[in-house]
Every structure is written in structure tokens, then in C-alpha cells.
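1. no sequence on this one, just coordinates:
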């Protein structure tokens with residue numbers, strides 16, 4: 001049984017996050033762990049206050065279960081509740097490991113530790129702490145995607161990340177467009193870019209996919225325009241760093257209602273986190289050591305002007 005870990009706060013947008021998780025749980029199928037972190041429980045009776053918060057969560061879950069879903073689907077989903085004292089970023093890593101979560105969901109404007117920041121900032125912080133994909137859901141009721149876009153720098157994307165995306169194919173059985181943006185200065189590398197894009201597509205083996213190599217000196221604006229052109233309902237990104245993810249959720253895009261902030265975003269684990277290569281035998285160990293060693297530059301005899 002697959003597991004969705006749904007981090008909620010008590011804002012109105014939390015209902016939309018849970019409603020989206022319900023649809024995923026029915027389609028996949030999966031069980032749902034509802035997580036709520038209460039920032040400042042009362043000093044006198046903290047346990048009693050946490051029980052009150054759990055009852056609020058149960059009321060929300062039961063209301064949506066029978067308002068949104070059919071009776072059969074509502075009974076099929078198994079819910080578990082985790083109400084903890086403290087901040088989400090202090091508990092999320094342990095909770096993902098505890099329930100072996102396959103996917104974490106949270107709202108774009110999630111409030112963590114009682115603090116409200118620019119939309120997506122808390123999500124960017126949580127993405128650094130979890131080892132599984134993170135699905136960021138903006139406010140509003142949405143259906144599951146019928147078209148998806150996967151944008152990344154496929155030159156540096158670790159292929160070990162792609163199986164995590166392939167495992168979600170049952171939850172998102174929709175056409176997938178892989179897009180690689182490059183700057184005008186990278187035109188001489190078009191062949192290498194296209195090869196990396198094709199390699200990722202073949203390794204992913206998505207049932208219906210297409211590849212696109214596009215030139216754009218502002219990739220973030222290009223992502224939004226491309227998603228709008230394709231009418232995508234889900235954007236998948238694999239940021240190379242936390243700074244890149246923060247730029248993706250920059251306040252200017254939320255203020256201008258950029259297209260990529262109005263659709264759910266699936267954040268794959270950072271491409272900078274490379275898995276160490278393990279040698280299976282002495283021969284492989286020697287090969288890995290040779291690849292890691294600095295290569296000496298050989299003389300280019302063809303460039304020498306002989307007398």
C-alpha cells in the first residue's frame with residue numbers, strides 16, 4: 001500500500017490540499033497520513049490541546065470524505081493522524097521515514113510555525129528536508145492532471161531520480177512533455193543537450209511522452225509560457241539547488257499570478273544530491289577510481305605548426 005503524507009494547517013486552503021490528496025489516494029490507490037504541527041500548545045494542558053486539534057482534523061477529513069468522494073471511494077481510503085507540538089520543518093524528516101511516505105503534499109501558502117511567508121517559501125524549505133517527491137498544491141479546487149510538463153537541466157540530472165517519477169505513473173497516467181531550456185550562449189552544445197534529453201526520456205519510459213529543446217534566456221518565464229501553451233495541469237521540476245527552487249517560488253511570480261504558480265508543482269529531490277557509486281568488485285573499484293582521478297591533458301599535435 002502506498003502512502004501519502006499530507007501536511008495541513010488550519011487555513012481555508014488546507015481543504016483544497018486534502019481534496020487533491022483524496023483524488024490521488026483513490027486513483028493510485030494509497031493511504032493518507034494527515035500531519036498537523038501545532039506551533040505553541042498551551043503550557044498548562046498541551047496534550048488536551050493537541051487532542052482538540054486532532055478532532056478538528058478528523059472533522060475536516062470526514063466532511064470531505066463524504067462530500068467530495070463517492071461512498072465506496074470514501075470507505076476505501078485509510079486515514080491516519082499525526083498531531084505534533086512544534087514546527088513542520090522540525091518533524092517532517094522523521095515523519096517521512098516513520099510512515100515510509102511515497103509522496104508529501106502541502107499547500108503553496110502553507111503556514112509553518114505560525115509564520116506566513118511568501119507563497120512557496122515554506123515548501124522550498126521542506127523540499128530540502130524530505131527524501132521523496134513533494135507536491136505543492138495552490139489554493140483552489142483542481143482535477144487530476146490530463147497533461148504534464150517536466151522541466152529540468154537534463155545535463156546534470158541524476159538518472160537515479162527518474163525511477164521516483166516513474167513510480168508516480170499510476171497516480172498521474174497522463175501525457176508528459178520533457179522540456180530543456182538553454183541560453184543563447186549554449187547553442188554550440190545543442191547536440192549534447194538533445195542527447196541528454198533523449199537519454200532521460202528513454203530512461204523514464206513514460207507511456208506517452210515528447211521532448212522539447214527550447215532556447216530562452218529567461219528559463220523561469222519560459223517554463224510558465226510553455227505550460228500555458230501546453231495547457232498543463234501539473235509541472236514537474238528537479239531543481240539543482242535550494243536557491244533555484246526559491247527563485248521558482250519568487251514573490252513576483254505569485255504577485256503576477258504566473259501560470260506555473262497556479263498549477264500544482266511536483267518537486268523531485270534535488271539533482272545536486274548524487275548517490276555515491278558503489279563498486280561491486282575489484283575491477284569496478286579500479287574503474288571508478290580511474291574515472292574520479294583528474295585526467296591529464298594530452299598534447300594536440302594537429303594544432304602544432306610544423307616547419
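-> Arrived safely. What you see is a predicted model, and the numbers here were worked out from it, not measured in a lab.
2. low-scoring stretches of the chain, by residue?
-> Applying pLDDT under 70 to the chain picks out residues 1, 41-44, 271-307.
3. the longest helix in it is where?
-> Scanning the chain for the helix with the most residues, using DSSP state H, yields helix 46-68.
4. next SSE after that helix?
-> Remark: after helix 46-68, the chain's next helix or strand is helix 71-76, criterion DSSP states H and E.
5. how about that next one: buried residues?
-> Using 16 or more other Cβ atoms under 10 Å as the test for burial, helix 71-76 gives 73, 74. Where you see a C-beta, it was placed from the backbone N, CA and C, and this is true even at glycine.
6. quick one: contacts of that helix?
-> 26, 29, 65, 66 (Cβ atoms under 8 Å, 6 or more residues apart in numbering).
7. direction included, what does the lengthiest strand in the chain pair up with?
-> In the chain, assigned by DSSP state E, the strand with the most residues is strand 30-38. Here strand 30-38 is paired, per DSSP bridges, with strand 2-7 (parallel), strand 79-85 (parallel).
8. in TSV: the contacts of helix 71-76, plus neighbour count.
-> TSV is the format used below for these (neighbours: other Cβ atoms under 10 Å):
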residue	neighbour count
26	19
29	15
65	17
66	11
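9. from those residues, which two are the most distant?
-> Greatest spacing in these, by Cβ to Cβ: 29 and 66 (17.9 Å).
10. measure the residue nearest the centre of the chain to residue 13 for me?
-> Taking Cα atoms, centre = their mean, the centroid of the chain lies closest to residue 267, which sits 1.7 Å from it. Using Cβ to Cβ, to the nearest Å, residue 267 is found at 18 Å from residue 13.
11. and the chain, what are its domains?
-> When the chain is parsed with automatic domain parsing, its domains come out as 2-137, 148-267.
12. check the gap between residue 171 and residue 160 for me.
-> 20 Å.
13. got it, and residue 66?
-> 41 Å.
14. so residue 99 touches residue 4, yeah?
-> No: Residue 99 is beyond contact range of residue 4, at 9.4 Å (criterion: Cβ atoms under 8 Å).
15. what about those two, which has more around it?
-> More neighbours surround residue 4 than the other of residue 99 and residue 4, with 24 against 16 (other Cβ atoms under 10 Å).
16. so what's that one up against?
-> 21, 24-25, 28, 30-33, 101-105.
17. which one of those residues has the most neighbours?
-> Counting by other Cβ under 10 Å, residue 104 has the largest number of neighbours within the contacts of residue 4, with 27 neighbours.
18. give me the phi and psi for it.
-> Dihedral pair for residue 104: phi -110, psi 130, per degrees, to the nearest 10.
19. thought it was touching residue 131?
-> No: the criterion here is Cβ under 8 Å, and residue 104 misses it with residue 131 at 9.8 Å.
20. intersection of neighbour lists for the two?
-> residue 96.
21. show me where the stretch 151-300 of the chain has its strands.
-> Remark: strands assigned in the stretch 151-300 of the chain by DSSP state E, counting those that start in this stretch are 176-182, 209-215, 234-237, 265-267.
22. can I take it that residue 26 is in a helix?
-> Yes: assigned with DSSP: H, G, I helix; E, B strand; the rest coil, residue 26 falls within a helix.
23. now find how far off-centre the helix or strand that contains residue 106 is within its chain.
-> Assigned by DSSP H and E, residue 106 belongs to strand 103-107. In terms of Cα atoms, centre = their mean, to the nearest Å, the centre of strand 103-107 is set 9 Å apart from its chain centre.
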